[in-house]
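Asker: This is the structure alone, sequence omitted:
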C-alpha cells in the first residue's frame with residue numbers, strides 16, 4: 001500500500017501544480033462561467049466548482065485534474081465556473097443551466113451544495129449527464145453521485161496522528177459542521193483510538209450551516225488551530241478546504257504539525273510552509289471525475305451512486321516529505337489492510 005499511495009501523491013501533485021498555476025490549454029473560464037471558444041471534435045466537459053474554486057490546492061483542483069485528464073484523452077475542452085459565498089440554490093441552478101444550454105456534456109458539479117440545484121436542473125436536460133461529488137441524494141436517471149469513504153481515509157491519518165504525537169493530544173478542525181465533515185471527524189477519532197487509545201482528541205468547527213464560509217476562511221482556520229495548539233495538541237487534522245491555509249500558518253508559528261486533506265498538501269503547499277504537513281488524507285476526486293467522464297464517453301455510464309473507498313484506492317494517506325517513521329507507516333498500512341478485509345469497520349458518525 002505504501003508504494004501505491006506514494007505514486008498517486010506524486011502524479012496528482014504534478015497535475016495540481018499545473019492547475020494552481022493557471023491550468024492547461026484545454027481549460028477556459030469566461031466571466032459567465034461558460035467557454036467562449038468553439039468546441040473541439042471531442043465536445044465540451046463542464047465543471048462547476050465548490051467554494052474556493054480551482055487553485056485551492058485540494059478538492060476543486062482534484063476535480064479539475066480528473067476532468068482535464070479525461071478531456072485531453074478525448075480531444076475535448078473544459079469549461080469552468082466557480083461558486084461564490086453568496087450563492088443561492090437559484091444561482092447554482094442558473095450556472096448549471098448555462099453549462100447544459102451551451103452544449104456541455106457531461107457536467108460535473110463539485111460539492112453537495114449543488115444537490116438542490118441539480119435536482120431541479122437535471123430533468124430539464126435528459127440527454128445531458130451530470131455528476132455530483134460528495135452527494136448521492138439526487139435521484140435522477142441522468143445523474144451519478146461520486147462519493148468517497150472519507151471515514152476510512154480519515155481513520156488512517158487518525159492513526160498517523162496518534163503514533164506521531166509527542167504530547168498525547170491531537171486535534172481535528174472541520175470547515176463546516178455538516179454530516180459529510182462529521183464523517184471525517186468520526187474516522188479520525190476512531191483511528192486515534194485504534195492506534196493509541198490514551199491519546200486525547202479535541203475537535204473544532206469553523207462555522208455552522210447555513211454559513212459555509214468555514215470552507216474558505218484562512219483567518220478562522222488560524223484562530224481555531226491556535227486554540228488547539230495552545231491547549232497542548234501537537235498535530236491537527238484539518239478538513240476545512242481553503243481554510244487549511246490558516247491552519248498551516250498557525251502550525252508554523254507554533255512549531256507544531258498538521259495533516260492535510262483531499263490532495264497531498266505537502267506537495268501543493270510552497271516550501272518551507274509545507275514542512276509542517278506530515279501527511280494528508282487523500283480523497284481521489286480526480287479518479288472519480290475522470291472515471292465518470294470516461295464512462296459517459298464509452299457509453300458504460302449508469303445513474304446512481306459510485307463509491308470510492310480503501311479497497312478501490314479511492315482514499316488513502318500520503319507519506320511525502322518522509323516525516324513519518326517506518327514504524328508508523330507499517331502500523332498504519334496494517335490497519336488499512338484490516339479495514340479492506342472487513343476486520344475493522346470504520347464509523348461514519350462520532351460517538
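Answerer: Arrived safely, thanks for sending. Keep in mind that this is a model prediction, so the values were computed, not measured. Residues are numbered from 1 along each chain as shown.

Asker: ok so residue 202 is a strand residue?
Answerer: Yes: assessed with DSSP: H, G, I helix; E, B strand; the rest coil, residue 202 lies in a strand.

Asker: Quick check: chain neighbours aside, which residue is closest to it?
Answerer: In this structure, residue 202 finds its nearest non-sequential neighbour in residue 171, 4.9 Å apart by Cβ to Cβ, 6 or more residues apart in numbering. Quick note: C-beta positions are derived from backbone N, CA and C, even for glycine.

Asker: pretty sure residue 201 contacts residue 192?
Answerer: Yes: using Cβ atoms under 8 Å, residue 201 makes contact with residue 192 at a distance of 5.3 Å.

Asker: returning to what we had before: so what sits opposite the residue nearest to residue 202 in the bridge?
Answerer: Listed by DSSP bridges, the beta-bridge partners for residue 171 are residue 202, residue 236.

Asker: returning to that earlier point: any common contacting residues for residue 201 and residue 192?
Answerer: Common contacts of residue 201 and residue 192 (Cβ atoms under 8 Å, 6 or more residues apart in numbering): residue 170.

Asker: Which one's more surrounded, those two?
Answerer: Neighbours per residue (other Cβ atoms under 10 Å) separate residue 201 from residue 192, with residue 192 holding more: 27 against 21.

Asker: how distant is the host helix or strand of the more buried one from the center of its chain?
Answerer: Assigned by DSSP states H and E, residue 192 belongs to helix 179-195. With Cα atoms, centre = their mean, to the nearest Å as the basis, helix 179-195 stands 16 Å off its chain's centre.

Asker: How about stretch 189-203?
Answerer: Centre-to-centre, stretch 189-203 and its host chain are 23 Å apart (Cα atoms, centre = their mean).

Asker: What are the boundaries of the helices in the stretch 151-300 of the chain?
Answerer: Under the criterion DSSP state H, counting those that start in this stretch, helices of the stretch 151-300 of the chain are mapped to 179-195, 218-230, 244-254, 265-268, 285-298.

Asker: among those, which is nearest residue 75?
Answerer: Closest approach to residue 75 among the helices of the stretch 151-300 of the chain (Cβ to Cβ): helix 285-298, 10.5 Å.

Asker: Let me know the average pLDDT across the closest one.
Answerer: Averaged across helix 285-298, pLDDT comes to 96.

Asker: If we go by neighbour counts, what in the helix holding residue 192 is buried?
Answerer: For helix 179-195, burial by neighbour count (16 or more other Cβ atoms under 10 Å) applies to 180-195.

Asker: what number of residues lie near the residue nearest to residue 202?
Answerer: Neighbours of residue 171 under the rule other Cβ under 10 Å: 28.

Asker: correct me, but it touches residue 232?
Answerer: No: Residue 171 sits out of contact with residue 232 when judged by Cβ under 8 Å, with a separation of 9.5 Å.

Asker: Go through the buried residues of helix 179-195 and say which is closest to residue 270.
Answerer: residue 184 (24.7 Å).

Asker: What's the per-residue pLDDT of the closest one here?
Answerer: On pLDDT, residue 184 comes in at 98.

Asker: same question, the one 5 residues further on
Answerer: Residue 189 is assigned a pLDDT of 98 by the prediction.

Asker: who touches the residue lying closest to it once chain neighbours are set aside in this structure?
Answerer: In this structure, residue 189 finds its nearest non-sequential neighbour in residue 201, 5.3 Å apart by Cβ to Cβ, 6+ apart. Each residue near residue 201 by Cβ under 8 Å, 6+ apart is listed here: 169, 170, 171, 172, 188, 189, 192.

Asker: how close does the third one get to residue 187?
Answerer: Relative to residue 187, residue 171 is positioned 15 Å away (Cβ to Cβ, to the nearest Å).
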